[in-house]
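Participant: The sequence and its predicted three-dimensional model are supplied below.
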Amino acid sequence: MAVDKMPQSGAKKTMSDGVEILWFNIDDVIYGIEIEYINEIIGIDKTTVIPNIPDYIKGVINIRGKVVPVISIRKRFGVEEVPYDDRTCIIVLEFDGGLQQVGVIVDRVQEVVVVDHDLITQTPQYQNVNANRYIKNIIENGTDEAKLLLDCEKLIWE
Amino acid sequence: MAKFEAGMESMIEMFIYETTGLIEQLDNILMNTEASSSFEEDDINAIFRIMHTIKGSAAMMGLEALSKFAHGIEDMFYVIREEKPVINDFTALINLLLQASDIMKNEMEVIQDDNADASDLSEQIKHIEDYAASVKAGGTEAPAAPSQEDPVAPVPAPVSAPAPTPEPVKAAAPVVQEQSSDNELTIVKVYFDDDCKMENLRAFQVVENIQADCEKLEYIPSDIETNSESAKIIIENGFIIKFTAASDISTKAVIAEIADTPNVKSYEVMTEIPGIAAGEPVSIRVFFEEDCKMENLRALLVINNIQYQCTELEYIPSDIESNSESCKAIIENGFTINFSADDPEAVIKTVETTPNVASYEILAAENSLSPAIQPVPKTQTTPEVPKMDIQSTPAAEQTVPASLSAAEKDAIGTTKAVEKLNNQIGKSSSGASNKQSLISVNLNKLDTLLDLVGEIVITEAMVTSNPDLKGMKLDNFQKAARQLRKLNSELQDTVMSIRMVPLSGAFNKMTRIVRDMKVKLNKDVDLIFEGEETEVDKSIIDQLNDPLMHMVRNSMDHGIEDSVEKRIAAGKPAKGKITLAAYNASGEVIITITDDGEGLDAQKILAKAENQGILTKPANEYTDKEIYHLIMLPGFSTNDVVTEFSGRGVGMDVVRQNIEKIGGSVSVDSKFGYGSVFTIKIPLSLSIVDGMEISVGDSIFTIPINSIKESFKVRPNQLVKDTSGREMIMIRGEVHPLIRLYDLYGLESKYTDLNDGIVIHVEADGRFACMFADELIGEQQVVVKPWAQLLNNFGVKSHGMTGCSILGDGSITIILDVATIIGGTN
């Protein structure tokens, strides 16, 4: 009695058995978010301020009738905020199988790249102390500078 | 976990939903019959049907014990229905059935619990069987084998039962076959005049003409009254009628009647159909009940059931196990099985008894995959085919009554007859569709729909008040926009109304509770419903069951006097009365639970509360109403003895909490010696609030209208300060604390001078305050959206923000909770 088996949640595996990661910039540092957490990427929108909450939560926005809280990743990392421009965007993350959505304001997004498991190293010890808390892995591709893979669960919920 | 085969999980939810509904229905029927102390025929049929359905679906889920259990009761009702035994101890029977309903309810819970194994119900089954045997034995006045004396008895189900459904017919089918009669089964093949058109309707008329004279009547094709395509089959193969004439009419007379029907060109009488020979390949096409869902799995069940009886077996579509898309093919074309077996009849029997099989037909053995029906009655049609015929026609058989028998004698013009037939058919098909007019929908889908509608309303505002249109003369556009707005608001109302459910379901559950308590507490009480058709949002109803149950139990246990003597001494009727009433009042639903019992003893409550140390002011300052409200405080119970039903001091406290959770309130009133009234006020819907929009700087807040007393501009002499410098506003001689919203929430505001902005006088839970904001924007109904988890983690609710909502222009407003804000500032 086999019904269609829905794909189980978990990192989306590609054929090369790597992890798909979206890269974005904060100043010169490149951070990554696993694509399994990402629902969509939208342009920056006017946020409605919610009083009496930590200031890294910029407020809420209306995404097609859903009220979604938005955080500033710069504030979260303790980096000075910059004015929004036309490349500023919101990466909408989802948790709990889509029940919970949270937007993350970033300066600009770059691209989605499949990263081989072998390139992901475990021990992150890196510059920005504040951001360090939210880093899960470092990805070294041998040639240029290392990229930092963020731990979305920690970034949002801790 | 191993209770179900892999892949069944998704069906469990549906099964539990359906079965729970059926059990509730059973309870209701039992309550009614107990009140009237007799089984109506309708009731017996209904119970029979319920048990049959439970039996079938339990078997499909692999719950053998439950299936057998239901079968036991079904059997018992079969006896009751067919033999009409004299039931000596009616109460015992009702008790037994109520127990059975409890057992099944319990089973439902066991099924949902992954860790528990399905119960072994063999003892209960035996109990039921014993009882059924005693019913049989006790009913000596009923003929032991009524079918011999009264051959019509088993047949009425399809013809005269008020709402025959497939199930009873199916169950009765074997009886029909065994039934003896003077007249033999006759098969007649009828041909109609060439080019007479609408052969199917002519055929239908033939059926109508002879129906009254036939004890048993089947025909091929069977869907003549619904399927105009059947006309072609009739032209090609003729219209085959199989009947057994009624005992008082000769077979010949019936045949003559057929021949006399207008447009009948010729007919031939054929001999009895031989059965299918052993080992011969047989092809049958199976159709499942409409809306039974997952037809591919049902088909697989059929295959599983018959595979050991068959020597050869193949089926189409063949990928039922792996491809859920095959459902569609099965719905459209049926599920075709080709098999060879030593005992083909037995295989067909198995197919027939598999749950959810609505009908089947036997196709030509050689040309098995041809979709055309092969009614050549040589080897292919078997006596089982009638099952399908009877099932698909009852509606027509009922609704085409005497009117046609008059027509038949008139030998009216065919056009007229056909017209009439068409009317009848129209009636019968609309009658049949009544049954299907209810569907169950996942609440999540309705939530999504509601969201979407909200979104459309916002988009509409974005389009019609688009800044690009400013200054343009747009007469036609405005007209169209108005129409759009009207339709949108209608759409919104409809979506809201979909979510509304009558309270009767919640009320009916109380009948059972009162009934059980009546027996246990030995109190005689009438439970009366008023306004149970009042509708409330589904999400609220779900929260209402527990509080209602507690309150009804309380009224039974504490309210109604312990003894009849006490009641009579107090000048009341011996029988107590509890009334559950519901009505709408200004956007709220009010439910009252009234009993004519002892009433609340204010002095006793006060003394008890004092003992428990829950008084907050001197005892003599309490008004009666305040005293009554003490019973809703945690840990309070007036009952000296803890009983099974109440007295643990959690009841009313829990009631109050549950009701408040859904945004409602509870109050009590009572007259000592005369009874008490509990009043529950709940909002119509959790999700819509009538609110006043106000602005503070860039932020927009919504204050629920029902907490606003008034709004006004402050005159300088109204502002006073207390000794600690707190600002108060004097309104008609009373002072109320002033809350500057920009201060409270640390916002930039347009005005800080009281004279510039506006003051809103608010009230919640009997406490007042004045809120200072920049401007009033306007009154609007808003759809409440709960806060995201992330924001709840930071306690937005404790800061007086209940939720948020999206306004027409897409911006977000924060809904304020006045009670929390006043509580926080004091």
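Facilitator: Looks like it came in fine. Small disclaimer: the values here were computed from a predicted structure and weren't measured.
Participant: what's the distance between residue B:662 and residue B:819?
Facilitator: 15 Å (C-beta to C-beta, to the nearest Å). The way it works is simple: take the backbone N, C-alpha and C, and place the C-beta from them, glycine included.
Participant: Residue B:821: what's it in contact with?
Facilitator: Residues counted as contacts of residue B:821 (C-beta atoms under 8 Å, 6 or more residues apart in numbering or on different chains) are B:739, B:744, B:769, B:771, B:800.
Participant: Please identify the buried residues of the one helix or strand the second one maps to?
Facilitator: When elements are defined using DSSP states H and E, residue B:744 is found to belong to helix B:741-745. Using 16 or more other C-beta atoms under 10 Å in any protein chain shown as the test for burial, helix B:741-745 gives B:741, B:742, B:744, B:745.
Participant: correct me, but residue B:225 touches residue B:205?
Facilitator: No. The criterion here is C-beta atoms under 8 Å, and residue B:225 misses it with residue B:205 at 10.2 Å.
Participant: Now do the same for the closest residue to chain A within the stretch 201-350 of chain B: its pLDDT.
Facilitator: Among the residues of the stretch 201-350 of chain B, residue B:324 lies closest to chain A, at 5.1 Å counting by C-beta to the nearest C-beta. For residue B:324, the pLDDT comes out at 71.
Participant: What of the one 10 residues further on?
Facilitator: The predicted local distance difference test score for residue B:334 is 79.
Participant: what secondary structure does the closest residue to it other than its chain neighbours sit in?
Facilitator: Leaving aside its chain neighbours, residue B:334 sits nearest to residue B:285 (4.1 Å; criterion: C-beta to C-beta, 6 or more residues apart in numbering or on different chains). With DSSP: H, G, I helix; E, B strand; the rest coil as the basis, residue B:285 sits in strand.
Participant: Return the residues of chain A in contact with chain B.
Facilitator: A:1-4, A:46, A:48-54, A:57, A:60-62, A:64-69, A:96, A:100-102, A:156-157 (C-beta under 8 Å from any C-beta of the partner chain).
Participant: Just the buried ones from the residues you listed, in ChimeraX syntax?
Facilitator: Under the burial definition 16+ other C-beta under 10 Å, those of these that qualify are selected in ChimeraX by:
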select /A:1,3,48,49,50,51,53,57,60,61,62,65,67,68,69,100,101,102,156
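Participant: how near is the spatially most central residue of chain A to residue B:680?
Facilitator: Central residue of chain A (C-alpha atoms, centre = their mean): residue A:33, 4.2 Å from the mean position. Taking C-beta to C-beta as the measure, residue A:33 falls 48 Å from residue B:680.
Participant: Just give the number of residues close to the residue nearest to residue B:334.
Facilitator: Neighbours of residue B:285 under the rule other C-beta atoms under 10 Å in any protein chain shown: 19.
Participant: List the contacts of it.
Facilitator: B:333, B:334, B:335, B:336, B:337, B:360, B:361, B:362, B:363.
Participant: Any chance of the backbone angles for the fourth one?
Facilitator: Per-residue torsions, residue B:336: phi -100, psi 130 (degrees, to the nearest 10).
Participant: Can you tell me the closest non-neighbouring residue to it?
Facilitator: With C-beta to C-beta, 6+ apart, the residue lying closest to residue B:336 is residue B:316, at 4.4 Å.
Participant: neighbours of that neighbour, just the number please.
Facilitator: 20.
Participant: Repeat that for residue B:296.
Facilitator: Neighbours of residue B:296 (other C-beta under 10 Å): 25.
Participant: hang on, isn't it packed against residue B:323?
Facilitator: Yes. Between residue B:296 and residue B:323 there is a contact under C-beta under 8 Å: 7.1 Å.
Participant: Show me whatever sits in contact with both of those two.
Facilitator: residue B:317.
Participant: The closest residue to residue B:773 other than its chain neighbours and residue B:742, how far apart?
Facilitator: In space, and not counting its chain neighbours, residue B:773 is closest to residue B:694: 4.2 Å by C-beta to C-beta, 6+ apart. Going from residue B:694 to residue B:742 by C-beta to C-beta gives 11 Å.
Participant: again with residue B:548
Facilitator: In terms of C-beta to C-beta, residue B:548 sits 44 Å off from residue B:742.
Participant: For the strand or helix carrying residue B:231, give the mean pLDDT please.
Facilitator: Assigned by DSSP H and E, residue B:231 falls within helix B:230-237. Helix B:230-237 comes out with an average pLDDT of 77.
Participant: Okay, buried residues for that helix please.
Facilitator: B:230, B:231, B:233, B:234, B:235, B:237.
Participant: Quickly name whichever of the buried residues of helix B:741-745 is closest to residue B:445.
Facilitator: Residue B:445 lies nearest to residue B:745 out of these, by C-beta to C-beta, at 36.3 Å.
Participant: Give the helix, strand or coil label for the residue lying closest to the closest one once chain neighbours are set aside.
Facilitator: Closest residue in space to residue B:745, ignoring its immediate chain neighbours: residue A:51 at 3.3 Å, by C-beta to C-beta, 6+ apart. Recorded secondary structure, residue A:51: coil (three-state DSSP).
Participant: isn't residue A:51 right up against residue B:799?
Facilitator: Yes. Using C-beta under 8 Å, residue A:51 is in contact with residue B:799, at 6.8 Å.
Participant: Can you pull the residues of the stretch 451-600 of chain B lying near chain A?
Facilitator: Counting by C-beta under 8 Å from any C-beta, the stretch 451-600 of chain B sits next to chain A at B:451, B:452, B:454, B:455, B:458.
Participant: Any idea how many residues pack against the residue nearest to the last one when sequence neighbours are not counted?
Facilitator: Translated: residue B:458. Nearest non-adjacent residue to residue B:458, counting by C-beta to C-beta, 6+ apart: residue B:810, 5.1 Å away. By the criterion of other C-beta under 10 Å, residue B:810 has 16 neighbours.
Participant: now swap in the one 10 residues further on and tell me
Facilitator: Under the neighbour criterion other C-beta under 10 Å, residue B:820 is assigned a count of 16.
Participant: mind showing which ranges of chain A have poor pLDDT?
Facilitator: For chain A, the stretches with pLDDT under 70 are A:1-17, A:122-131, A:141-145.
Participant: Buried residues, the helix or strand hosting residue A:23. List them.
Facilitator: Following DSSP H and E, one finds residue A:23 within strand A:18-26. Using 16+ other C-beta under 10 Å as the burial criterion, the residues of strand A:18-26 that qualify are A:18, A:19, A:20, A:21, A:22, A:23, A:24, A:26.
Participant: where do the helices sit along chain A?
Facilitator: A:73-77, A:129-132, A:152-157 (DSSP state H).
Participant: Can you pull the residues of chain B lying near chain A?
Facilitator: B:5-8, B:10, B:294, B:297, B:300, B:321-322, B:324, B:451-452, B:454-455, B:458, B:698-700, B:744-747, B:785, B:787-791, B:793-794, B:796, B:799, B:801, B:804, B:806, B:810-812, B:814.
Participant: Let me know the pLDDT of the residue lying farthest from the centre of chain B.
Facilitator: Farthest-out residue of chain B from its mean C-alpha position, per C-alpha atoms, centre = their mean: residue B:723, at 61.6 Å. For residue B:723, the pLDDT comes out at 85.
Participant: just residue B:466 next, same as before
Facilitator: At residue B:466, pLDDT is 78.
Participant: Let me see the ranges of the helices in the stretch 551-700 of chain B.
Facilitator: B:564-569, B:602-612, B:624-630, B:651-661 (DSSP state H, counting those that start in this stretch).
Participant: Quick one: list the elements packing against the shortest one.
Facilitator: Contacts defined by 3 or more C-beta pairs under 8 Å, 6 or more residues apart in numbering or on different chains; DSSP states H and E place helix B:564-569 against no helix or strand at all.
Participant: tell me the mean pLDDT over it?
Facilitator: 86.
Participant: how about residue B:794, what does it touch?
Facilitator: Residue B:794 touches A:52, A:53, A:54, A:57, counting by C-beta under 8 Å, 6+ apart.
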